[in-house]
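J.: Please work out how this folds:
(one chain, ligands or ions: 2)
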Amino acid sequence: MADQQKSKQNLTDRKPCLSGRGVTKVFGVGNKAMTAVDHVDFDFNEGDFVSIVGESGSGKTTLSKMLLGLISVTEGEIEFQGKPRDISSGAKRKEYWKNIQPIFQDPFASYNMFYKIDAVLDDCLNMRGFKSAPEEEKVRLKTEACSFVNLKYAELTNKYPFELSGGQMQRLMIARIFLLKPKILMADEPTSMIDACSRATILDMLLKLRDEVNMTVIFITHDIGLAYYISDKVYIMEHGKFVESGPAETVIINPQADYTKRLINDVPKIYEKWDLDTVARN
Ligand SMILES: Nc1ncnc2c1ncn2[C@@H]1O[C@H](COP(=O)(O)OP(=O)(O)O)[C@@H](O)[C@H]1O
Ligand SMILES: [Mg+2]
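T.: Ligands and ions are numbered 1, 2, ... in the order given. As a prediction, the model looks like this:
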């Protein structure tokens with residue numbers, strides 16, 4: 001099942017997109033210092049669907065904020081497309097943000113509630129340089145983005161984000177990404193606030209985005225079963241460190257680290273076939 005979802009391209013043929021060496025974040029100073037991310041190394045390639053998996057407090061969100069350039073890196077290097085990432089000025093940071101875009105856990109916190117949905121989508125077009133494009137071209141692009149996520153543009157234009165359901169808001173987030181077409185999508189627990197049915201739809205849309213735009217998707221989750229289902233590569237994070245990483249099948253079918261084994265034991269039968277005898281007996 002997982003294989004069918006994944007791109008057929010050989011994982012090793014892909015060009016580097018985002019890499020890190022010794023990336024570290026320490027919050028606070030002196031005896032209050034706390035190392036949230038501790039010398040992590042990673043190589044995320046173009047078109048990779050990567051999951052970062054770990055329990056709450058393991059440092060996933062802190063790492064994602066460093067990758068997004070929202071907080072400083074205490075120590076270590078981040079490379080974007082094979083060159084040291086430079087976000088030292090406001091202009092450079094803005095340029096970098098054309099390449100990496102987030103979807104956050106809480107869709108309600110992700111929108112300016114005073115902006116109508118049409119304005120949210122217009123902002124994306126402006127960022128892509130479509131500000132002075134003809135009105136009908138803009139409407140065509142916005143309609144296309146909405147239909148990509150099964151939303152109807154004509155019904156949305158005059159609404160505010162708070163008039164949508166949680167699932168619809170998440171889909172609107174993905175429509176934004178479809179318009180922005182960044183090189184990297186950072187999705188931090190994007191499905192944890194929505195019901196199981198919307199969750200499957202959102203995951204399928206993320207896979208479709210990756211396939212259509214050759215985007216690198218960095219998917220952050222505490223759910224190793226979900227990571228196995230959806231990703232090419234997984235990085236397992238414990239106390240700010242990557243304890244294990246590699247192709248999803250290798251890591252999850254044949255885990256080496258005790259921590260990975262424990263995460264897998266918490267979700268029994270993620271890859272075993274249902275044993276019908278056992279089901280019948282119970
Ligand atoms: N701004 C901050 N100041 C101090 N400590 C923080 C801050 N943000 C996160 N932390 C701490 O860093 C650790 C990792 O947190 P986080 O990255 O949010 O983990 P996760 O996303 O895996 O749940 C936690 O112990 C958290 O309390
Ligand atoms: Mg988090």
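J.: quick one: what helix or strand has the closest residue to Glu238 other than its chain neighbours in it?
T.: Excluding the flanking residues, the one nearest Glu238 by CB to CB, 6 or more residues apart in numbering is Tyr259, at 4.5 Å. The way it works is simple: take the backbone N, C-alpha and C, and place the C-beta from them, glycine included. Per DSSP states H and E: Tyr259 is located in helix 258-265.
J.: now Ser72
T.: Short version, using DSSP H and E: Ser72 is in no helix or strand.
J.: What's the separation between Thr143 and ligand 1?
T.: With distances taken as CB to the nearest ligand atom, to the nearest Å, Thr143 is found 36 Å from ligand 1.
J.: ok, residues contacting the helix or strand where Thr201 lies?
T.: Using DSSP H and E, Thr201 maps to helix 196-213. By CB atoms under 8 Å, 6 or more residues apart in numbering, the surrounding residues in contact with helix 196-213 are 5, 7, 47, 49, 148-150, 166-167, 170-171, 174, 177-178, 181, 185, 187, 190-191, 194, 215-217, 219, 226, 229-230.
J.: mind checking how far that helix is from the chain centre?
T.: 11 Å (CA atoms, centre = their mean, to the nearest Å).
J.: how many neighbours does the residue lying closest to Ser245 once chain neighbours are set aside have?
T.: Excluding the flanking residues, the one nearest Ser245 by CB to CB, 6+ apart is Tyr235, at 4.3 Å. A count of nearby residues for Tyr235, using other CB atoms under 10 Å, gives 25.
J.: Verify the contact between Tyr235 and Phe44 for me.
T.: No. In this structure, Tyr235 is not within contact of Phe44 by CB atoms under 8 Å, at 9.1 Å.
J.: what's the overlap in contacts for those two?
T.: Jointly contacting Tyr235 and Phe44 under the rule CB under 8 Å, 6+ apart are Val50.
J.: now the most centrally placed residue in the chain, what's its secondary structure?
T.: With distances taken as CA atoms, centre = their mean, Ala187 lies nearest the centre of the chain, 2.3 Å away. Secondary structure, DSSP: H, G, I helix; E, B strand; the rest coil: Ala187 is strand.
J.: do you know how far the spatially closest residue to it that is not a sequence neighbour is from Tyr111?
T.: Excluding its sequence neighbours, the residue lying closest to Ala187 (CB to CB, 6+ apart) is Ile103, at 4.5 Å. In this view, Ile103 and Tyr111 are 12 Å apart by CB to CB, to the nearest Å.
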